[in-house]
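Visitor: what's the 3D shape of this:
(one chain, ligands or ions: 2)
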Amino acid sequence: MSGLNDRQARVSTRSVCVRGGLYTAFVVSLVLGFSTQQSAAESYDLPFPLGLKKELAVIPDDNPLTKEKVELGKWLFFDTRLSKNDSIACASCHIPSLAFTDGQAVSTGIHRQQGGRSAPTAINRVFSSGQFWDGRAATLEEQSVGPLTNPIEHGFGHDDEVVEKLRRIKEYPPLFQKAFGSGISIQTVGKAIASFQRTLLSGNSPFDQHTAGGNEQALSPEAKNGLTIFRGKALCFTCHSGANFTDEKFHNLGVDWDRDHIDLGRYVVTKNPKDIGAFKTPTLREISRTAPYMHDGRFATLRQVVEFYDQGGIANPHKDPLVQPLKLTEKEKTDLVEFLKSLNGEGWDVTPPTQFPQ
Ligand code: HEC
Ligand code: HEC
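Guide: Numbers count the residues shown, from 1 in each chain. Ligands and ions are numbered 1, 2, ... in the order given. This next block holds a predicted model:
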């Protein structure tokens, strides 16, 4: 099955897609360098691990990757001064050792306040345009500044407060100047953080070594059987499709519909009744490292997730017809989980900075 769905195809034609070899990359960066007057910046060659598809990367024309932006974005991602009271960084909820999640059902932000949704991984974001469980941020740049003015995350009252605070840290303005040829603005903060996030990749997993690399030994017989079920009987691949295991679309599985409080999900963004209770299909890469699962973090184990699908999700008037009782055998469930565990790969190994701009 093709990994390129309509939406990604549309997005990638107007994005920087380095399709050819080094020469193309050179020409592309040269052209962009001139057009955005960033000729001083060093282009950043994103090394896509086995199984990932360069041509699906979504990198907007006005924010090409450069070494300077990625470095700056990394500092910003880990810097707790990027919160109202110096207590919270992006990395407080997207912790590198937990594959950039926080291990909690729902996240805890500034003043120990809790939100209503689970923190998804920040890995392989380069393959999506819409971000968040409900896709409310149309770009990763927009997503990258959203949490800063969220009263229960980083706690700033306004974008200007973020910018003012960064301007007062003497070594930040020259870094922005170097990366963007301009001063600090909420746009350049977003572009820098998005650039860093685009370098967090996961590929070359046992699944990739088996499927893209042709190494029959990379998967156990159980995981191979699990892959067959994933693609066939269990219908998982209809939604968790393509190289990043997502169709980038929104579906209602009935998560929440057994509780008093129902999160309306995508509907809040589109106001389209067909989106009631629909959430973005998440990537399944690194999935055994990112428990608990679902937008409300209700499942502690992958086995529980598989049981949920086996029962056909939770009934409600808006449930996706693709989610139906599966009648999996115990062995099929076990093998499916074995397959999911084969999606742990590499490309997101980041050492958190120990020193920050002063
Ligand atoms: C208090 C915890 C917390 C902090 C701090 C935080 N996040 Fe998140 N992050 C979350 C939660 C919870 C969600 C899901 C929210 C939603 O979808 O409505 C999320 C969603 C995301 C997503 C979307 C992933 C996807 O698959 O759509 C990205 C990317 C992300 N955060 C990056 C960041 C960055 C960058 C920062 C810092 C500017 C940050 N986060 C700060 C908890 C946090
Ligand atoms: C109809 C589309 C669809 C099908 C079919 C589907 N999924 Fe999902 N999957 C989703 C969506 C949407 C979510 C998020 C739902 C939510 O939180 O409300 C999700 C969530 C998950 C999660 C949790 C991810 C996380 O980061 O929390 C796992 C694991 C998962 N699915 C595995 C599977 C497996 C295994 C199958 C096959 C048995 C499957 N899915 C079938 C759309 C689908």
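Visitor: So for stretch 54-71, what gets flagged as buried?
Guide: Buried positions in stretch 54-71, judged by neighbour count with 16 or more other C-beta atoms under 10 Å: 55-60, 63-66, 68-71. For every residue, glycine as well, the C-beta is placed using N, CA and C.
Visitor: next one: stretch 177-187
Guide: Residues of stretch 177-187 classed as buried: 178-180, 184-187 (neighbour count, 16+ other C-beta under 10 Å).
Visitor: Filter these down to just the ones in strands.
Guide: Of the buried residues of stretch 177-187, none are assigned to strands by DSSP state E.
Visitor: which residues of the chain fall in helices?
Guide: For the chain, the helices defined by DSSP state H cover 6-13, 22-35, 67-78, 90-93, 140-145, 159-167, 172-180, 186-198, 206-211, 221-231, 236-239, 267-270, 302-310, 330-341.
Visitor: Just put these in JSON lines and tack on mean pLDDT and distance to residue 151.
Guide: Converted to JSON lines, the helices of the chain look like this (pLDDT from 0 to 100; distance: least, C-beta to C-beta, whole Å):
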{"stretch": "helix 6-13", "mean pLDDT": "34", "distance to residue 151": "31"}
{"stretch": "helix 22-35", "mean pLDDT": "41", "distance to residue 151": "37"}
{"stretch": "helix 67-78", "mean pLDDT": "98", "distance to residue 151": "20"}
{"stretch": "helix 90-93", "mean pLDDT": "96", "distance to residue 151": "15"}
{"stretch": "helix 140-145", "mean pLDDT": "96", "distance to residue 151": "15"}
{"stretch": "helix 159-167", "mean pLDDT": "97", "distance to residue 151": "12"}
{"stretch": "helix 172-180", "mean pLDDT": "97", "distance to residue 151": "24"}
{"stretch": "helix 186-198", "mean pLDDT": "98", "distance to residue 151": "17"}
{"stretch": "helix 206-211", "mean pLDDT": "98", "distance to residue 151": "40"}
{"stretch": "helix 221-231", "mean pLDDT": "98", "distance to residue 151": "40"}
{"stretch": "helix 236-239", "mean pLDDT": "98", "distance to residue 151": "33"}
{"stretch": "helix 267-270", "mean pLDDT": "96", "distance to residue 151": "17"}
{"stretch": "helix 302-310", "mean pLDDT": "98", "distance to residue 151": "31"}
{"stretch": "helix 330-341", "mean pLDDT": "98", "distance to residue 151": "35"}
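Visitor: now those in a markdown table, with distance to residue 279?
Guide: Shown next, in a markdown table, are the helices of the chain (distance: least, C-beta to C-beta, whole Å):
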| stretch | distance to residue 279 |
| --- | --- |
| helix 6-13 | 16 |
| helix 22-35 | 34 |
| helix 67-78 | 24 |
| helix 90-93 | 18 |
| helix 140-145 | 16 |
| helix 159-167 | 27 |
| helix 172-180 | 34 |
| helix 186-198 | 20 |
| helix 206-211 | 24 |
| helix 221-231 | 20 |
| helix 236-239 | 11 |
| helix 267-270 | 10 |
| helix 302-310 | 14 |
| helix 330-341 | 19 |
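Visitor: Of those, give the one that comes closest to ligand 2.
Guide: Nearest of these to ligand 2, taken as C-beta to the nearest ligand atom: helix 236-239 at 2.8 Å.
Visitor: chain center to the closest one: distance?
Guide: 18 Å (C-alpha atoms, centre = their mean, to the nearest Å).
Visitor: how about that helix: buried residues?
Guide: For helix 236-239, by 16+ other C-beta under 10 Å, it's 236-237, 239.
Visitor: is any part of that helix close to ligand 2?
Guide: Yes. For helix 236-239, a contact with ligand 2 is found by C-beta under 6 Å from any ligand atom, at 236, 238-239.
Visitor: Reformat the residues you listed as JSON lines; add distance to residue 348.
Guide: Formatted as JSON lines, the residues of helix 236-239 next to ligand 2 follow (distance: C-beta to C-beta, whole Å):
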{"residue": "236", "distance to residue 348": "23"}
{"residue": "238", "distance to residue 348": "27"}
{"residue": "239", "distance to residue 348": "23"}
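Visitor: and which of these is nearest ligand 1?
Guide: Nearest to ligand 1 among these: residue 239, at 14.4 Å, using C-beta to the nearest ligand atom.
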